[in-house]
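Chemist: Would you be able to build a 3D model of this:
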Amino acid sequence: MAMNNFDWSGIAVKAGAAIVILIITWILARVVKSLLSKLLGRVKVLQRSGGGNHSLAESLGNVGSLIVWLLGLTAILNLFELTQVLGPIQSLLAGVLGALPRVLGAAVIFIVGVMLARVVRELVTAALRGTRVDERLQSLSRRATQGSAQQGQYAQGDPQYAQGDPQYAQQDPATVDPETGATRRMPSGPAAGGPASGPGGGPAGGMQISNLVGQILYALIIVVMSIAALQVLAIQAISEPATQMLSTILDAIPLILGAGILLAIGVIIARFIGGLLDSMMRGFGLERTIGQLGIDGANAVTVITRIVQVAIVLFFGIAATRMLNFPQITEMLNAILALGGRVLFGGVVIAAGIFLAGLLARTIGGGLVAQIVRWATIVLFAAMGLKYMGLADSIVNLAFGALVVGGAAAAALAYGLGGRDAAARQLNKLERKVDDAVQEERRLP
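Modeler: Purely as a prediction, here's the structure:
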C-alpha cells in the first residue's frame, strides 16, 4: 500500500526533465568545446602543447565543456530538490563564474599585449633595417679595428707615408701595391679576412642591433601588459608579488639600457682613441726610439695602446655601475683604476730611468764607468717607480739601503785589501819623519 503513496507521475516528469537536461547539457558542452577549441586555436600562443598531445586551446575547450556540465548537473539537482548536495556545488559554481570574467579579461589583455608587442617589434626592426643601422655600425667597427693597423703598418714600413707624401695621402694604403705603386682593388668580406655578413647586413651568427632593439621593446610591452593582466585578476596572493617583481624589472630596464649604452660608447671611444694613439706613436717614430733601448718597439706600442683602451673602458664601467647603484662593484673598479694609475706611472718612471741610463752611458762612452752609471741610474729609477706603485714600500727601502750599504762595504773592503802596500809605505814615511824629528832635537845643545 505504501507504493501507492508515491507520486509516480511527478517522478516520471522529473526523470524526463532530467533526461532532457542531460541531453541539452551534452549538446551544449560539445558545442562549447568545439567553438572554444577552434576560436582559441587561431591564436598562435595557445597552439603550443600544454601536457600530453593536447594544445592549450583544446584544454581551454575542455574547461568550458566542464563548466557547462557543472551548470547542467546543478539544474538536475535543483530539480530533485537535493539541497544538501546542491549547496556546495552552487558555492563552487558561483566562485568559478565570479572569477571567469576576470580570467577572461586578463587573458584578453595578455593576448592583445602579445599581438601588440609583435607588431611593434616587426615595425621597429623593419624601420631600423631600412635605415641600414646594422651596416653602418658594422662599418664603424671595421674602421676602428682596421684603420689603426693599416696606418701603423705603412707608417712603420714606409717613411714617405709617415712624412705625409701627397701620393700616399690621396690613396688608401690598402689599395696601393707597395712594389709598383699602382692602385689595386682589395677584396672585402670573408675573402679579405673581414666578418661575414648575415641576411640583414649584419654579422653572421650574431645579434643585429635592429633585432636587439625590437626584442627589447617586445619584452617591455609584454611586461607592461602582464602587470595589467595580473591587476585585472585581483588575486592578491599572486598579483601583488608578481606586480612588485615586474615593477622592479620594469624600473631596472632603463638603468640596464643606460648602463649598456654607456659601456658601448666607452668601447667605441676606446677603439677610436686606441687606433688614433697607435697610428700617432708609429707615425712619430716612437717604435724605433723604443727599439734603440733594446726593447721591442712594436710590442711596446701595442701594450701602451691596450693600457689606454682598458683605462677608458674602466672609466665608463665605473660610471655604468654608479648608474646601476652597485656600490660594491663601483668601489672595486675605483680601486682597480687607482692601482692601475699608480702602476702605470711607476712604469713610466722606470721606462724614463732606462732611457736616461742609456743616454748617460752613450754620453760618457764605453768602459766600466759607463756601465756603472747606467746600472746605478736604472736601479735608482726602478726603486722610485716601485715605491710610487706602492708595492711593498718597506721591502723596496730595505733593498735599496742594503744595496747602498753593500756597495760602500765592498768599496771599503776593496780599498783595504788592495791598498795594504800603499798604506804600509805611508806608515813607513810617517815613522821616518818622526825619527828624523827626534834626532834633530837631540843634536840641539
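Chemist: CA only for contacts and neighbour counts going forward, please
Modeler: Fine.
Chemist: So what's the residue count around residue 402?
Modeler: 12 (other Cα atoms under 10 Å).
Chemist: In this structure residue 120 contacts residue 218, no?
Modeler: Yes - counting by Cα atoms under 8 Å, a contact exists between residue 120 and residue 218, whose distance comes to 7.0 Å.
Chemist: Please say which of those two ends up with more neighbours.
Modeler: A count of neighbours by other Cα under 10 Å puts residue 218 above the other of residue 120 and residue 218, at 22 against 17.
Chemist: could you show me where the helices are in the stretch 51-200 of the chain, in order?
Modeler: In the stretch 51-200 of the chain, the helices defined using DSSP state H, counting those that start in this stretch lie at 56-79, 83-130, 133-157, 159-162, 166-170.
Chemist: Give me whichever of the ones you listed is most buried.
Modeler: Here the criterion is mean neighbour count by mean count of other Cα atoms under 10 Å, and of the helices of the stretch 51-200 of the chain the winner is helix 56-79, at a mean of 19.
Chemist: Counting by contacts, list what that one packs against.
Modeler: Based on contacts counted as 3 or more Cα pairs under 8 Å, 6 or more residues apart in numbering; DSSP states H and E, the elements that helix 56-79 packs against are helix 8-41, strand 49-51, helix 83-130.
Chemist: worst average pLDDT in these?
Modeler: In terms of average pLDDT, strand 49-51 trails the rest of the helices and strands packed on helix 56-79, at a mean of 56.
Chemist: since we're on residue 361, how many residues are nearby?
Modeler: Counted with other Cα under 10 Å, the neighbours of residue 361 add up to 20.
Chemist: Pull the contacting residues for it.
Modeler: For residue 361, the residues meeting the contact criterion (Cα atoms under 8 Å, 6 or more residues apart in numbering) are 370, 371, 373, 374.
Chemist: Just the ones of those in helices?
Modeler: Helix and strand membership here follows DSSP state H; of these, those in helices are 370, 371, 373, 374.
Chemist: Which of these ranks first by neighbour count?
Modeler: Across these, the neighbour count under other Cα under 10 Å reaches its highest value at residue 374, namely 22 neighbours.
Chemist: what's the neighbour count on the residue lying closest to that one once chain neighbours are set aside?
Modeler: With Cα to Cα, 6 or more residues apart in numbering as the measure, residue 357 is the residue that lies nearest to residue 374, at 4.6 Å, once sequence neighbours are left out. One way to gauge burial is a neighbour count; for residue 357, by other Cα under 10 Å, it gives 24.
Chemist: And residue 27, how far from residue 33?
Modeler: Residue 27 sits at a distance of 10 Å from residue 33 (criterion: Cα to Cα, to the nearest Å).
Chemist: Now that the residue nearest to residue 374 has come up, it's in contact with residue 370, right?
Modeler: No - counting by Cα under 8 Å, residue 370 is not a contact partner of residue 357; they are 9.2 Å apart.
Chemist: Out of the helices of the stretch 51-200 of the chain, flag the one nearest residue 306.
Modeler: helix 133-157 (12.5 Å; Cα to Cα).
Chemist: circling back: what sits against the residue nearest to residue 374?
Modeler: Contacts of residue 357 (Cα under 8 Å, 6+ apart): 373, 374, 375, 377, 378.
Chemist: Excluding chain neighbours, what is closest to the first one?
Modeler: So the one you mean is residue 373. Once flanking residues are discounted, residue 373 sits nearest to residue 361: 6.7 Å by Cα to Cα, 6+ apart.
Chemist: Is that neighbour inside a helix or a strand, and which specific one?
Modeler: Element membership for residue 361 (DSSP states H and E) is helix 327-364.
Chemist: Could you list the buried residues of that helix?
Modeler: By neighbour count, with 16 or more other Cα atoms under 10 Å as the criterion, the buried positions of helix 327-364 are 330, 333-334, 337, 340, 342-347, 349-358, 360-361.
Chemist: Likewise for stretch 263-281?
Modeler: Residues 263, 266-281 are the ones in stretch 263-281 that count as buried (16+ other Cα under 10 Å).
Chemist: Could you do stretch 375-390 as well?
Modeler: If you call a residue buried by 16+ other Cα under 10 Å, then stretch 375-390 has these buried ones: 375, 377-379, 381-389.
Chemist: out of those, which are inside helices?
Modeler: Secondary-structure check on those using DSSP H: residues within helices are 375, 377-379, 381-389.
Chemist: Can you add pLDDT and distance to residue 93 and give those residues back as CSV?
Modeler: Supplementary listing: those in CSV, determined by pLDDT from 0 to 100; distance: Cα to Cα, whole Å:
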residue, pLDDT, distance to residue 93
375, 83, 96
377, 84, 95
378, 83, 92
379, 80, 92
381, 82, 89
382, 82, 87
383, 79, 87
384, 81, 86
385, 81, 83
386, 79, 82
387, 78, 82
388, 77, 80
389, 77, 78
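Chemist: From those, pick the one nearest residue 20.
Modeler: Sorting these by how near they are to residue 20, with Cα to Cα, puts residue 389 at the top with 95.3 Å.
Chemist: before we move on, back to that, any chance of the contacts of residue 361 in JSON lines, plus pLDDT and distance to residue 224?
Modeler: As requested, those are arranged in JSON lines below (pLDDT from 0 to 100; distance: Cα to Cα, whole Å):
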{"residue": "370", "pLDDT": "80", "distance to residue 224": "76"}
{"residue": "371", "pLDDT": "82", "distance to residue 224": "75"}
{"residue": "373", "pLDDT": "81", "distance to residue 224": "74"}
{"residue": "374", "pLDDT": "82", "distance to residue 224": "71"}
